[in-house]
Structures are given as structure tokens and as C-alpha cells.
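Q: generate a structure from the sequence data that follows.
(chains A and B)
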Amino acid sequence: MMLNKFFYTSILILISIFLTSVFSPYAFAQSPIELAVTPPSAYIKVKQGSTATHTVVIENVSEQLLTIKPKIVDFSSNNQNGVPILSDTTRFPYFDFDQDSLQPITLPSKGKAELALKITVPSGVPNQEFPLTVLFESTPDTDFSVSAGETSVRSTIGSNLIVLVSSETAVATQLGITSFKTSGIVDSFRPITFTPVVTNTGYAATAASGSAKITDWQGKTVAEFVIRPVVVLGNSSRELEASSSTEAYTSVFRYKPLILLGMYKIQVDLTIQNQDQPIHLLQTKTIIALPISLVVVCFLIPFCWFGYKQYIRTT
Amino acid sequence: MLKLPIQNSNQFHHTSRYFTLVGAIFVVLGLPLLSPLAYAENLQSNSYKIQFGNFNVTSGAKSSSNYSVTDTVGQTGAGPYGQYGVSSYFIGGGFQYIYQIDKFRFRISKIGIDLGTLTPGVHNTDSHTIVITTGGSSGYTVYAYEARPLKNQLSSDTIPNTTCNSGTCSYTTAGIWTTTTIAGFGFNMTGQDISSDFINSTYFRSFADNSAGQPMQAIMSSANVGTNRTATITYKAGVSGNQAGGNYSTNIIFVAVPGF
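A: Numbering: from 1, shown residues only, chains lettered A, B, ... in the order given. Presented below is the predicted three-dimensional model:
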């Protein structure tokens, strides 16, 4: 009888310890949180006097309950590589709702929610592009937050939305290659590297892709590159990247033979969509390869020898 | 020897017309039965039915020393339809557009950072990982900032953000922080796609302080498609001899956004 009581009491104590350890605030603070959003980026066009709805899906991939607070902010291009620079607020005036009315939502583990953004553009407003990011900031259920003295970590995930307000049936492209980011003279023992910069002076985002090549003084092609397709936002610039033929990821535009000598020509051929026709933008840059380092060494050797002889003579 | 009775010509004519008609009907109805059977996939079961399914001429992932490509050839209604800047809609029809509707995922391995009991002359650390998966060809960026410096929960005392050994590191640039007598709060990163100023595990930055209006800073970024791109964040804190006792805490916010 006493043995049974002891046995059942021990079981109850063990179960209590187990439940406490699993559901303690410490256990939840040590649990991962994971969010997923669809789509990562979207481009929509809305004419003046019309409406559009864009839907973003947020998913709680974690094992715990999360509270998600949506917020919409502007972003701008970093004029380099497609990294959005987030702002604190948005100046987009055509949502059918007030941002303050976006209430937090509670997502269970593996739960999903849709945020439908309705846009109404009045007639007569100017043509303009608005790059936006829809942010979802998560906080864990407050009953299981971190304990006193611990620093809490919060996760926010974003989905980009580029809204083009335009009455034009087909927006004219105003894209140009403005720089190659390389000097006109290169040392014979160093590689030719360049980074074409494309500038969009129009107000609408434009996609660009194409190819580049380097030819030598005989006109023979010595290097070829495929340019990875990119989107250049309105009134911004972007550096082009090469798609490597041997690697899964992008690479730089680089040509390194044993020795460079003479005149080389870099030619970039961009294909962009202008209204309903594809057009080609061709830009070239000439580079001259000289054995500069060799000349410097050849100059320094007699100079150093002369200086050494003078030193010996004086001492 | 059995002989067939000889029919008179009229009977024979009617009979032959009759048999000709029957034979024609038999050929018309029976010919399909004689043609080779066409085997078609039955795209349905008790629990599903696939409408508008199709067989592809070819599909899948192919690669060589010069390229890698995925394709779907022979599908129904392959897009695109519409164009950004031209039409008021865009439809990406076909299996290849799966890459555009892929999810963007962000994972943090834990949400509570416990730096333990801080004593002068000793640095305490804690760490976790962040993981990004993106199918978008423009990659991603992860930003980070703190709500405020580490603050005493019962007073206005704070543990200041670190300026590292030489006093030159900040929320924008990492520096070496190994001297344990130098107090402060900062973080280091190791792993994939991290900012280039985290040269090794001795380089620390402070977090951008939102309460002071400092803009959040990029800590991890890539321009490429990536699966489970992982970085480890190590938090470090130290106190001076005149730091008031108590529980200090703050909120660290990580913001992951896809490229465009």
C-alpha cells in the first residue's frame, strides 16, 4: 500500500517536472521562430481612375503562436545592387485604408493569413512609381515572453510591392549605360575588370538583360559574359552583374590572361523593352594595356643602383 | 460433295446488296475497335481530379559545363501575358513561373538572449543563428537594430553600446573588441553573406539605437538565390566597476527583406 502511494506520487512529480520544463518561459525563449511570405516581390500597374488589389500571404512556420503586426513603408534603391533601403513610413496616398487600422493578427503554428491591399487611384493624379515594402513584425505570445533580465529578439519579414501609377498604355523606356567603373589604362599584368552601371531616368521600373564582350586590337573576341537580368527602378541606377558560365552564382566582369598588351574594347549590349518593342543599347569603352609595373621596376633598378653606389662612395 | 444451291440472279443481287450494307456498317463501327489502343493518363482518383493536365515534351533540370537550366516544354497556356508598364495586368502562366511565387523565409533560432550575471573585467556572450531562404533572383538583405541600449528595468541606468578596444567601432563599422576591461554591448557575426567588416570573431559592432534615431544597418546580404543561408550572431556585454546592479534588457529587431 505504501509502495503504491510512493510509486504514484513519484509519477505525478515526474509528470509535473516534465510539463514545467516543456512549457516554461525559458523553453519558449529557446524555441526558433520562422516566418515565410509570398510573393517576395511584385510589380503592379494601376491607371488613374481605377482600382487594384494586391494580396500578400504571411505564414507562421514556427512551432509557437505568434502575433504579427503589419506595416507598410517606402523603400528606395541603393543605386547599386537591388538592396532596398527601408524608410520608417510611407507616402503612398492611394490605399483604401489607414495604416493605423492594420490590426495585429495572431497566427497559430503553421498558420497562414492573407493581407489584401486595395488601391484606388483617383483620376488626374500624376504618373509616378511607388516602391513599397509590406513588413510583418512578429512577437511571441506575451504569456511566454522572455524572462526578466533577458534581451528579446524579434523577427520582421518583408514583401516588396512596386506600384506604378500611369495613364500611359506603354511607358517609354529611358535607360542608358552611364559608367563602366573602370579606368582607360590598365597594367599588362593585372586583369581587366569592369562594372557597367545602368541609369533609368524614366519614372517606371525597367528590366534589362544582355551580354558583354571584350575584343582585342585585332577585333578578336577574347572574353564573353552574359548579363544577369535585373530591374532598374525609376529614377535610379543599378550595377550590372555577370552570370558565370561555371558557377551557380553571379560573378564580376573580369578578364585575366597571362599578359595584356595594346588596345582592348569592352562592348555591352543591353536588351530592354521599350513600349512593346525590344531595343538594343550598345555601349563601348576602350582600354589600353601597358606594362606599367615593368616600366616602374626598370626605372627603379638603376635609380636604386645609383643611390647605392653614391652611398658606398660617401661611406 | 455438297453443292450450294444456285440462286437465281435477282435473289443473288438483293442478297449481295444486303451483305454489302451489313459489311459497310460493320467496317464503320468495327474499324475503331481494330485500331491501336491509345493509352491516356487518368488524372483523377477518389480524392483528386487534375483538369487541364498535359504531358510535356521535356522538362526538368539540365546542365553542362557551360550552363544550367530548368525548362518545361509543351505545357498548356505558357505565359507571360501582359507586361509591366504596358498593360494593367500580368499573368505568368506555366510551370517556370513557380520561381516567382516561391516563398521568402526567415528563421531565428531563439528569441531570448541570456547574458547571465555580468561582473567587471569579464565579457559574457550568448548567440543564435539566423537563416534565410529565397528563390528570388535579386537575393535579400537582413537589417538589425536595438530598441534602446541595455537598460535597467527599475531605473534609467544603461550599459552603453561598445566602441571596442580602440574606441572607433560603431553601429556602422566593426572593430576588434577583446579587452575585457572595456565595458559595453555589441555583437559579432560569422557565417554566410555577412557584412565584410566582421573580419573574424574578434570584430564587434554595436546595434543601431532606434531611440537615438540611428537607422537600422544591413548585417547580412546577398544578390543571389539562396537556400538556408546561415549566419551566427554572438552578443557580448561587459560592465565597468561603477555599473549599478540590476536586470538589464533591450529588444533586438531583425528585418529581412527580399531584393528587387
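Q: next, residue A:9: secondary structure please.
A: helix (DSSP: H, G, I helix; E, B strand; the rest coil).
Q: where does pLDDT dip in the stretch 1-150 of chain B?
A: Regions of the stretch 1-150 of chain B meeting the criterion pLDDT under 70 cover residues B:1-20, B:22-56, B:60-70, B:75-101.
Q: show me what residue of it gets nearest to chain A.
A: residue B:112 (2.7 Å; Cβ to the nearest Cβ). C-beta coordinates here come from the backbone N, C-alpha and C atoms, glycine included.
Q: look up the residues forming beta bridges with that residue.
A: Here residue B:112 sits in beta bridges with residue A:152, going by DSSP bridges.
Q: and it, how far is that from residue B:154?
A: 20 Å (Cβ to Cβ, to the nearest Å).
Q: between these two, which one's more packed in?
A: residue B:112 (23 against 10; other Cβ atoms under 10 Å in any protein chain shown).
Q: surely the more buried one meets residue A:153?
A: Yes. With contact defined as Cβ atoms under 8 Å, residue B:112 and residue A:153 form a contacting pair (7.3 Å).
Q: quick one: the helices in the chain, in order.
A: Defaulting to chain A. A:2-23, A:25-29, A:292-314 (DSSP state H).
Q: other chain: chain B
A: B:9-34.
Q: state which strand of it is the longest.
A: The longest strand of chain B (DSSP state E) is strand B:226-238.
Q: what pairs with that strand, and is each one parallel or antiparallel?
A: By DSSP bridges, strand B:226-238 pairs with strand B:124-134 (antiparallel), strand B:184-191 (antiparallel).
Q: show the contacting residues for the residue lying closest to residue A:282 once chain neighbours are set aside.
A: Nearest residue to residue A:282 in three dimensions, chain neighbours excluded: residue A:269, at 5.4 Å (Cβ to Cβ, 6 or more residues apart in numbering or on different chains). Residue A:269 is in contact with A:210, A:211, A:212, A:213, A:280, A:281, A:282, counting by Cβ atoms under 8 Å, 6 or more residues apart in numbering or on different chains.
Q: which of these sit farthest apart?
A: A:213 and A:281 (14.6 Å; Cβ to Cβ).
Q: any figure for the gap between residue A:253 and residue A:230?
A: Distance from residue A:253 to residue A:230, by Cβ to Cβ: 14 Å.
Q: need the overlap of contacts for the two.
A: Joint contacts of residue A:253 and residue A:230 (Cβ under 8 Å, 6+ apart) are residue A:240.
Q: what is the end-to-end distance of stretch A:104-113?
A: 11 Å (Cα to Cα, to the nearest Å).
Q: no wait, stretch B:222-231
A: First-to-last distance for stretch B:222-231 - Cα to Cα - comes to 12 Å.
Q: and that stretch, average pLDDT?
A: Mean per-residue pLDDT for stretch B:222-231: 90.
Q: how about it: buried residues?
A: B:222, B:223, B:224, B:225, B:226, B:229, B:230, B:231 (16 or more other Cβ atoms under 10 Å in any protein chain shown).
Q: and what of stretch B:143-158?
A: In stretch B:143-158, counting by 16+ other Cβ under 10 Å, buried: B:143, B:144, B:145, B:146, B:147, B:149, B:150, B:151, B:152, B:158.
Q: and chain A, which of those reach it?
A: Filtering the buried residues of stretch B:143-158 for neighbours of chain A using Cβ under 8 Å from any Cβ of the partner chain leaves B:143, B:150.
Q: which pair of the buried residues of stretch B:143-158 spans the longest distance?
A: B:143 and B:152 (26.9 Å).
Q: and the strands paired with strand B:226-238, which is most packed in?
A: Across these, the average number of neighbours (mean count of other Cβ atoms under 10 Å in any protein chain shown) peaks for strand B:184-191, which reaches a mean of 22.
Q: who does residue A:194 bridge with?
A: The partner residues for residue A:194, given DSSP bridges, come to residue A:253.
Q: neighbours of residue A:314, how many?
A: 6.
Q: likewise residue B:177?
A: Applying other Cβ under 10 Å, I find that residue B:177 has 24 neighbouring residues.
Q: over to residue A:10?
A: There are 10 residues near residue A:10, going by other Cβ under 10 Å.
Q: now swap in residue A:115 and tell me
A: 18.
Q: now swap in the one 5 residues further on and tell me
A: Under the neighbour criterion other Cβ under 10 Å, residue A:120 is assigned a count of 13.
Q: wait, it touches residue A:93, no?
A: No. Residue A:120 lies out of contact with residue A:93 (Cβ under 8 Å); the separation is 10.2 Å.
Q: hmm, back to that, dump the contacts of residue A:269 to JSON lines, plus neighbour count.
A: Listed next are the contacts of residue A:269 as JSON lines, based on neighbours: other Cβ atoms under 10 Å in any protein chain shown:
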{"residue": "A:210", "neighbour count": "21"}
{"residue": "A:211", "neighbour count": "15"}
{"residue": "A:212", "neighbour count": "21"}
{"residue": "A:213", "neighbour count": "16"}
{"residue": "A:280", "neighbour count": "10"}
{"residue": "A:281", "neighbour count": "17"}
{"residue": "A:282", "neighbour count": "10"}
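Q: which ones among those lie within strands?
A: Using DSSP E, these in strands are A:210, A:211, A:212, A:213, A:280, A:281, A:282.
Q: for the residue nearest to residue A:116 when sequence neighbours are not counted, what are its contacts?
A: Excluding the flanking residues, the one nearest residue A:116 by Cβ to Cβ, 6+ apart is residue A:55, at 5.0 Å. With contact set as Cβ under 8 Å, 6+ apart, residue A:55 has these partners: A:114, A:115, A:116, A:117.
Q: who wins on neighbours among those?
A: residue A:117 (21 neighbours).
Q: isn't that one up against residue A:94?
A: No. Checked against Cβ under 8 Å, the pair residue A:117 and residue A:94 is beyond contact range at 10.1 Å.
Q: next one, pLDDT for the residue lying closest to residue A:281 once chain neighbours are set aside please.
A: Counting by Cβ to Cβ, 6+ apart, residue A:281 lies nearest to residue A:270, which is 4.2 Å off, once chain neighbours are set aside. If you check residue A:270, the pLDDT there is 90.
Q: now residue A:270: how far from residue A:43?
A: 19 Å.
Q: also residue A:224?
A: Relative to residue A:43, and taking Cβ to Cβ, residue A:224 is found at 30 Å.
Q: next: residue B:142.
A: 23 Å.
Q: which one of the two has more residues nearby?
A: residue B:142 (27 against 19).
Q: can you pull the pLDDT of the residue nearest to residue A:116?
A: pLDDT, residue A:55: 93.
Q: check contacts around residue A:119.
A: Counting by Cβ under 8 Å, 6+ apart, residue A:119 has contacts A:44, A:46, A:51, A:52, A:53, A:54, A:94, A:95, A:96, A:163.
Q: where does the stretch 101-250 of chain A have low pLDDT?
A: In the stretch 101-250 of chain A (pLDDT under 70), the answer is A:140-149, A:244-250.
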